[in-house]
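**Student:** Take a look and give me a structure for this.
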Amino acid sequence: MRNVFWILAIGAVIWVGAHAQAAVMQPLTTAFRATGAAPSGYSVNDWVEVQSGQGLPALAGHTKKALHLNAAIHSDSSPTYQKMTAAETVAGITTRLIVERLSTGATFVVVDRTSPHGFTGLRETESLFSQVLRGYGAVHADINLEGRIPGHLSAAAQKGVIQRGLSSIAASSVNGIDTLGYVSMSARSPFIPGGDQLQGHPVNVQLAVSYNAYLHQTQVYVGTPLITVTY
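**Tutor:** Sure, this is the predicted structure:
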């Protein structure tokens with residue numbers, strides 16, 4: 001029976017020790033560990049702009065095979081785009097493929113995976129995605145680590161969680177949001193390559209903390225270059 005270790009089997013086949021991905025993952029996991037949260041899941045979303053004029057069906061079929069997906073490919077279109085998608089869930093781990101061509105001719109391949117099983121298979125996922133996409137062009141990666149701390153932390157304790165994470169990777173704060181529902185801070189770390197722009201400032205890591213009253217636990221998120229999941 002296929003289970004969570006299915007993702008590890010795939011990773012073992014294609015693991016190539018991608019230095020760029022290791023350079024991102026090491027400081028990201030360092031920041032997460034410094035928060036004191038227990039891992040609960042992750043989300044990886046990688047995309048690339050394809051420079052070739054390859055047809056969408058062939059591009060989608062080739063990428064699906066490289067990702068080891070068994071799901072059927074579905075087509076959608078409008079006057080402004082053509083899109084082909086495939087999605088598969090195995091043991092709670094969902095992998096999605098999107099191949100889209102805009103009316104301008106720009107073509108994108110997006111691969112996404114979410115898992116509720118802690119960080120099992122995280123590095124293998126990012127390695128697989130990089131291996132599949134880098135043949136098309138420069139790969140852009142969004143990685144989100146999710147965790148939990150029992151109970152409801154005070155506002156000061158929530159800020160402390162974020163500060164410990166940022167300090168562990170020498171990150172300089174750029175922009176913060178402090179509300180009754182959550183606390184968030186975007187920053188720039190010298191240990192994380194690349195990044196994005198936020199209000200005119202370079203950022204490459206974001207931490208957020210929010211309380212889940214239903215589960216009676218504090219949710220912790222660490223993302224690069226920004227958090228791209230709901231919190």
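
**Student:** which residues in the protein form helices?
**Tutor:** Remark: helices assigned in the chain by DSSP state H are 6-14, 19-35, 56-66, 122-133, 155-168.

**Student:** Flag every buried residue along the second one.
**Tutor:** Within helix 19-35, the residues scored as buried using 16 or more other C-beta atoms under 10 Å are 21, 24-25, 27-29, 31-35. Heads up, the C-betas are built off the backbone N, CA and C, glycines and all.

**Student:** Let me see the residues that make contact with it.
**Tutor:** For helix 19-35, the external contacting residues (C-beta atoms under 8 Å, 6 or more residues apart in numbering) are 39, 119, 122-123, 126-127, 130, 141, 143, 145, 147, 149, 161-162, 164-169, 171, 189, 191-194, 205, 207, 220, 222, 224.

**Student:** so who does the closest residue to Leu153 other than its chain neighbours touch?
**Tutor:** The shortest distance from Leu153 to any non-neighbouring residue, by C-beta to C-beta, 6 or more residues apart in numbering, is to Thr218 (4.9 Å). With contact set as C-beta under 8 Å, 6+ apart, Thr218 has these partners: 37, 148-153, 158, 161, 209-212.

**Student:** In the chain, where is pLDDT below threshold?
**Tutor:** The chain contains residues with pLDDT under 70 at 1-22.

**Student:** need the longest strand for it.
**Tutor:** strand 38-50 (DSSP state E).

**Student:** Output the contacting helices and strands for that strand.
**Tutor:** strand 107-115, helix 122-133, strand 140-150 (3 or more C-beta pairs under 8 Å, 6 or more residues apart in numbering; DSSP states H and E).

**Student:** Let me know which of the ones you listed is tucked in deepest.
**Tutor:** When the helices and strands packed on strand 38-50 are scored by mean count of other C-beta atoms under 10 Å, the highest mean neighbour count falls to helix 122-133 (a mean of 22).

**Student:** angle of that one against helix 56-66?
**Tutor:** Interaxial angle of helix 122-133 relative to helix 56-66 (axes from the mean of the first three to the mean of the last three C-alpha atoms, to 10 degrees): 150 degrees.

**Student:** buried sites along stretch 224-231?
**Tutor:** Residues of stretch 224-231 classed as buried: 224-229, 231 (neighbour count, 16+ other C-beta under 10 Å).

**Student:** swap in stretch 205-220?
**Tutor:** 205-211, 217-220.

**Student:** okay, the residues you listed in TSV with distance to Gly137 next?
**Tutor:** Compiled in TSV, the buried residues of stretch 205-220 are given as follows (distance: C-beta to C-beta, whole Å):
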residue	distance to Gly137
Val205	24
Gln206	25
Leu207	30
Ala208	30
Val209	35
Ser210	35
Tyr211	41
Gln217	40
Thr218	39
Gln219	34
Val220	33
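
**Student:** Most widely separated two among those residues?
**Tutor:** The distance between the two most remote of the buried residues of stretch 205-220 (C-beta to C-beta) is 22.8 Å, for Val205 and Gln217.

**Student:** residue contacts, the closest residue in space to Leu102 that isn't next to it in sequence?
**Tutor:** Spatially, and ignoring its direct neighbours in sequence, Leu102 is nearest to Tyr81 (5.2 Å; C-beta to C-beta, 6+ apart). Applying C-beta under 8 Å, 6+ apart, one finds that Tyr81 lies in contact with 100-103.

**Student:** One more: Leu145?
**Tutor:** For Leu145, the contact set (C-beta under 8 Å, 6+ apart) comprises 28-29, 32, 39, 42, 119, 122, 221-223.
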